[in-house]
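*Asks:* Sequence and predicted structure are below.
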Amino acid sequence: MNVILVPLYQVISIAIQLYIWALIASAVLSWLIAFNVINTRNRFVYTVMDALYRITEPALRPIRRVLPNFGGIDLSPIIVILILYFIQSVLAQLVLSVTM
């Protein structure tokens, strides 16, 4: 069982870490766009922005519906990152309990 479980956990953990980095990149890109540091009329910027939006929005949308309006501050990426870290640590504890 350990032969399959440990590599599966590692792959899931890497996928979670990549998704967390995508959330961070999406948040930073939205700040750069909001402060007019980068221009969305640039095709490359638009493509990156669109790809990150399509990847992160399905996880952020339900959180945004539940959260109250904080003005211009969007806390949904922080909440999703905390949820992902929680899932990652629960999976780690499950793998540890099964392997021992």
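*Replies:* Nice, I can see it.

*Asks:* now this structure, which segments are flagged as low pLDDT?
*Replies:* Within the chain, no stretch has pLDDT under 70.

*Asks:* Please enumerate the helices of it.
*Replies:* For the chain, the helices defined by DSSP state H occupy 2-34, 43-66, 76-99.

*Asks:* Any chance of the backbone angles for Arg41?
*Replies:* When read as degrees, to the nearest 10, the backbone of Arg41 gives phi -80, psi -10.

*Asks:* same deal with Gly72?
*Replies:* Phi and psi for Gly72, reported as degrees, to the nearest 10, are phi -90, psi 10.

*Asks:* so who does it touch?
*Replies:* Shown in contact with Gly72 (CB atoms under 8 Å, 6 or more residues apart in numbering): no residues. Where you see a C-beta, it was placed from the backbone N, CA and C, and this is true even at glycine.

*Asks:* follow-up on the earlier one: want to throw the helices of the chain into CSV with mean neighbour count?
*Replies:* Putting the helices of the chain into CSV (neighbours: other CB atoms under 10 Å) gives the following:
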stretch, mean neighbour count
helix 2-34, 13
helix 43-66, 13
helix 76-99, 14
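
*Asks:* Since that was my last question, I'll sign off now.
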